[in-house]
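Asker: pasting the structure only:
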């Protein structure tokens, strides 16, 4: 059946192509009715033409911001629960800007207490989404555990992919999206992390309209989807190159410097301002942060891959695996495994037309195959961060096919390495790192307190201090 579908998708016969398109659209409708967890997985799949093909991605790309919206009645009920019976006096909603797997977003206008109006975006959670996600995630966890006990030796090989670990991480990220107050907290933090970068824009919270579990009111970011902006500015090479650098720099800062990573970076959440001056990131409900040891381990492995040092990457993956397994499950034939990882990076290092992350699907497949054969337990956080790098590289190469990702990433990686070593030195000889962390947390807390005080109508400088 798959072979017949592949032939139809590549056929010049309009009848064959029409049947294939009809079949994919039928699958799309099935996915839309399968729950948020399945939709989230298919959102990721639709950004991977290298693995699933262009026709598939063109149809399922609709899931990135155009799932079937819920009824207006539910929106009214949610706003009533959030802001009371008189919400219509302060909030006016316009058209639906997009509908995702968790909720839908309206263009709107709010009226502040001083009578001024402000354009906003209002996100409303879909009804019943929590129950659907719980059921979906339970099913995924069950299937992941069953897979590791598959017969004929298949289960023993799948153990090294750590499927339950991947599902657990996906569960942790997705469950945070079920409370828009978490997204509000993430917005505060992202805005703080990029407060000195005029090229990057995140929505901001609106004083007087505190985030609720199923409602989020945020500033309206005027922009258009990245792919549309890229097509409209195909002749403006200078502006596209600038936006390319900003995109790579932004994601590298999240991973290597801030240790606070937007984990829902599909094309539907990446916008650009029409004048090309702002790189806009939306939908921050899924964000991850790792403890110091895990973060150090993850970025060390990623750094080795970005610098195409396969030997170093292989050694680090082995070290990570051995630290998380029992003595009788250590890596087998370490030198052979390192040679396989080195072969991957060498293919890119000595081929100017090829990038390591450009064929990430193929490379991840080969890495998983090597992991199974050599009993290397893959780190789910590393795979997750790799996919974030993959998305931004796809954006970067679309803007500038000659972009060398490592040249943009290297200064940020170097800064991160210096900061980490300085922190370790401070932990050894003094408390400077603790003082710096306290200062940073205090500044972030001050912003949160100020927001809370304004919402309560009690802007109190003393409390803020």
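Answerer: Everything's here; your move. Please read all numbers here as calculations on a predicted model, not as lab measurements.
Asker: switch to C-alpha atoms for all contacts and neighbour counts from now on
Answerer: Noted.
Asker: SS state for residue 94?
Answerer: strand (DSSP: H, G, I helix; E, B strand; the rest coil).
Asker: so how many other residues sit close to residue 340?
Answerer: 17 (other Cα atoms under 10 Å).
Asker: Could you pull up the residues touching it?
Answerer: When contacts are counted by Cα atoms under 8 Å, 6 or more residues apart in numbering, residue 340 touches residue 370.
Asker: got the buried residues for the helix or strand harbouring it?
Answerer: Using DSSP states H and E, residue 340 sits within helix 334-349. Using 16 or more other Cα atoms under 10 Å as the test for burial, helix 334-349 gives 337-338, 340-342, 344-346, 348-349.
Asker: Next, please give the residue ranges for the strands of this structure.
Answerer: Ranges of strands in the chain, per DSSP state E, are 91-99, 103-111, 117-125, 200-201, 215-219, 224-225, 261-262, 270-272, 279-281, 287-288.
Asker: now the second one against strand 117-125, angle please.
Answerer: Angle, strand 103-111 to strand 117-125, by axes from the mean of the first three to the mean of the last three Cα atoms, to 10 degrees: 150 degrees.
Asker: May I have the strands that pair with strand 103-111, each with its orientation?
Answerer: With DSSP bridges as the test, strand 103-111 is paired with strand 91-99 (antiparallel), strand 117-125 (antiparallel).
Asker: go on, the last one?
Answerer: Take DSSP bridges as the rule and strand 287-288 pairs in its sheet with strand 261-262 (antiparallel).
Asker: Show me what the strand it pairs with is in contact with.
Answerer: For strand 261-262, the external contacting residues (Cα under 8 Å, 6+ apart) are 251, 254-255, 284, 286-289.
Asker: coming back round to it: give the rounded mean pLDDT of the helix holding residue 340.
Answerer: The average pLDDT within helix 334-349 is 87.
Asker: Could you shift the numbering so residue one becomes 581, and keep it that way?
Answerer: Got it, first residue is 581 now, which makes that one helix 914-929.
Asker: From the chain's centroid, how far away is it?
Answerer: 28 Å (Cα atoms, centre = their mean, to the nearest Å).
Asker: quick revisit: quick check: which of the strands paired with strand 683-691 is buried the most?
Answerer: Highest mean neighbour count among the strands paired with strand 683-691 (mean count of other Cα atoms under 10 Å): strand 697-705, with a mean of 21.
Asker: pLDDT weak spots in the stretch 831-980 of the chain?
Answerer: In the predicted model, the stretch 831-980 of the chain carries pLDDT under 70 at residues 930-945.
Asker: likewise the stretch 581-730 of the chain?
Answerer: For the stretch 581-730 of the chain, applying pLDDT under 70 flags the ranges 581-597, 614-617, 620-621, 623-634, 644-646.
Asker: Helices of that one, start to end?
Answerer: 582-589, 594-612, 616-625, 629-632, 634-640, 652-663, 709-727 (DSSP state H, counting those that start in this stretch).
Asker: circling back: of the contacts of strand 841-842, just the buried ones, ChimeraX syntax please.
Answerer: Per 16+ other Cα under 10 Å, the buried members of the contacts of strand 841-842 correspond to this ChimeraX selection:
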select :831,834,835,864,866,867,868
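Asker: and which of the contacts of strand 841-842 is nearest to residue 750?
Answerer: Distance to residue 750 across the contacts of strand 841-842 (Cα to Cα) is lowest for residue 866, with 9.5 Å.
Asker: Which residues are in contact with the closest one?
Answerer: Counting by Cα under 8 Å, 6+ apart, residue 866 has contacts 753-754, 756-757, 763, 842-844.
Asker: Can you tell me which of those residues has the most neighbours?
Answerer: residue 844 (24 neighbours).
Asker: ok, so what distance separates it from residue 798?
Answerer: Distance of residue 844 to residue 798, given as Cα to Cα, to the nearest Å: 18 Å.
Asker: cool, residue 660 as well?
Answerer: From residue 660 to residue 798 the distance is 18 Å (Cα to Cα).
Asker: Which one's more surrounded, those two?
Answerer: residue 798 (23 against 14).
Asker: In contact with the spatially closest residue to residue 890 that is not a sequence neighbour, which residues?
Answerer: The shortest distance from residue 890 to any non-neighbouring residue, by Cα to Cα, 6 or more residues apart in numbering, is to residue 922 (3.8 Å). Neighbouring residues of residue 922 by Cα under 8 Å, 6+ apart: 889-891, 894.
Asker: Check residue 968 too.
Answerer: 831, 843, 845.
Asker: coming back round to it: let's have the strands of the chain in CSV, adding distance to residue 654.
Answerer: CSV is the format used below for those (distance: least, Cα to Cα, whole Å):
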stretch, distance to residue 654
strand 671-679, 14
strand 683-691, 11
strand 697-705, 9
strand 780-781, 30
strand 795-799, 12
strand 804-805, 27
strand 841-842, 29
strand 850-852, 28
strand 859-861, 27
strand 867-868, 27
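Asker: Backbone dihedrals for residue 788, both of them.
Answerer: Here is the backbone geometry of residue 788 (degrees, to the nearest 10): phi 90, psi -10.
Asker: how near is the nearest residue to residue 950 once chain neighbours are set aside to residue 771?
Answerer: Spatially, and ignoring its direct neighbours in sequence, residue 950 is nearest to residue 917 (6.5 Å; Cα to Cα, 6+ apart). Using Cα to Cα, residue 917 is found at 42 Å from residue 771.
Asker: before we move on, what about residue 726?
Answerer: Per Cα to Cα, residue 726 is found 42 Å from residue 771.
Asker: My guess is residue 869 contacts residue 840. True?
Answerer: Yes - contact criterion Cα atoms under 8 Å: residue 869 and residue 840 qualify, at 4.9 Å.
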